[in-house]
Every structure is written in C-alpha cells, then in structure tokens.
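Trainee: this is the structure alone, sequence omitted:
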C-alpha cells in the first residue's frame, strides 16, 4: 500500500499546477476511486471500461430511484489492477455460475478511443471492483452490477458519438481515468517489462460522422 501511495503522489505531481481548491477535489477523487487499486493480478477478470449499461430501478422509502446499472463487460485474461487480494478475486466454484470482479487494465487502449462526456448531468456506471457473473450463453461476456454516478466522465464506449453520452456507459471521472492509466502503465513497465505497455487511448475527434470510428 505504501508503494501505491507513492505512485499516487507522483501522479498528482505530474498533473501540473492547479488552483488549491481544484487540486484538493481532484486528489480526493483520485484517492477515492483508486485507493484500492494497488493489487495487481494475472488471471480472469471483467473489463468494463467500454461496456454499455442498463439502469436498474430500486424502491426505497423515498420512492423509486436508479442507483445501479447492469453492464455487459468483456471477460478477459491477463494482468489487471483492482480491489482485494488475487486469491479473493479468482473465480470461485459456484455451481452453474462463474463469478468475477471488474478490474482495470489498458487492454483496449490501442483499439478504442476515449469519449469525453463533459456535462455535469452525465449519468454513468462506476464498475471498478463491481461483482460480475459470466453470461451462461456467452463466456466472453459478464453481467456486472455497478453503482450509478453523475458528472463528467470518460469512457471507451459510445463509438465516439457525443449523443451516446445520453446513455449509461461504464466510465470514470477524467482524473481517475488518467490516474489509472498512469499507475497501471508504470507498474507493468517496472514489474512485467515483457508485457506491452500501452499509452492512454486516443481522444475521440471533436466531431464525428455517424458510424465513423
């Protein structure tokens, strides 16, 4: 954990000078979303950063609300960072179902672009560490239940269409997105130099014709 805190401090330093208030908010956001990301594991996990999600309605004392979403994530194998020990994140035997945890990697950075949804009204799913069940009909997909958040967010989903920001995608705040990329790449370069270290995904063009990538 000490090494992760050091990585976080180095990352904040690299982000350059910011106003004191903004810096405090950004550092808090990074720490809140990635403080559990210090565990790096090699195995199966759900990768959700470009997953489309369906809202889940819940009923409470205050009435009906949407607090979570069901996201269709990719089942992949390799290095990832996420919460909990590697043993705890390994798929446990559970009858006819395979349970996974959603973790982070930059596996899709070379083939996908980052869609920035800058509106503070953007509704998105925060899937880091979410519980997932592998789709019985498609072992390459997992259904993950992720809490819903609101605010500016980055996602590799949406096919670079700004109109897609009106739907729910698995995403991260811009600060957490940049931080996760930097920490993952730095760890892999130091500890697994034979594994290709990908740069952050390119940004989507400012304007994109329908259907273009």
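Mentor: Arrived safely. On a predicted model such as this, the values are computed, not experimentally measured, just so you know.

Trainee: which ones are touching the nearest residue to residue 139 once chain neighbours are set aside?
Mentor: Nearest residue to residue 139, sequence neighbours excluded (Cβ to Cβ, 6 or more residues apart in numbering): residue 75, at 6.4 Å. Any C-beta I mention is one placed from the backbone N, CA and C, and that applies to glycine too. Residues near residue 75 by Cβ atoms under 8 Å, 6 or more residues apart in numbering: 44-47, 100, 134, 139-142.

Trainee: show the buried residues in those.
Mentor: 44-47, 100, 134, 141-142 (16 or more other Cβ atoms under 10 Å).

Trainee: pipe those residues into TSV and attach distance to residue 167, pLDDT and secondary structure per row.
Mentor: Below are the buried ones among the contacts of residue 75 laid out as TSV (distance: Cβ to Cβ, whole Å; pLDDT from 0 to 100; DSSP: H, G, I helix; E, B strand; the rest coil):
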residue	distance to residue 167	pLDDT	secondary structure
44	27	94	strand
45	24	96	strand
46	20	97	strand
47	19	97	strand
100	24	94	strand
134	24	95	strand
141	18	97	strand
142	19	97	strand
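
Trainee: ok, so of those, who is nearest residue 158?
Mentor: residue 47 (16.0 Å; Cβ to Cβ).

Trainee: the closest one and residue 107 touch, don't they?
Mentor: Yes: at 6.2 Å, residue 47 and residue 107 qualify as touching, with contact defined as Cβ atoms under 8 Å.

Trainee: which SS class is residue 193?
Mentor: Here residue 193 is coil, with the state taken from DSSP: H, G, I helix; E, B strand; the rest coil.

Trainee: show the pLDDT at it.
Mentor: On pLDDT, residue 193 comes in at 87.
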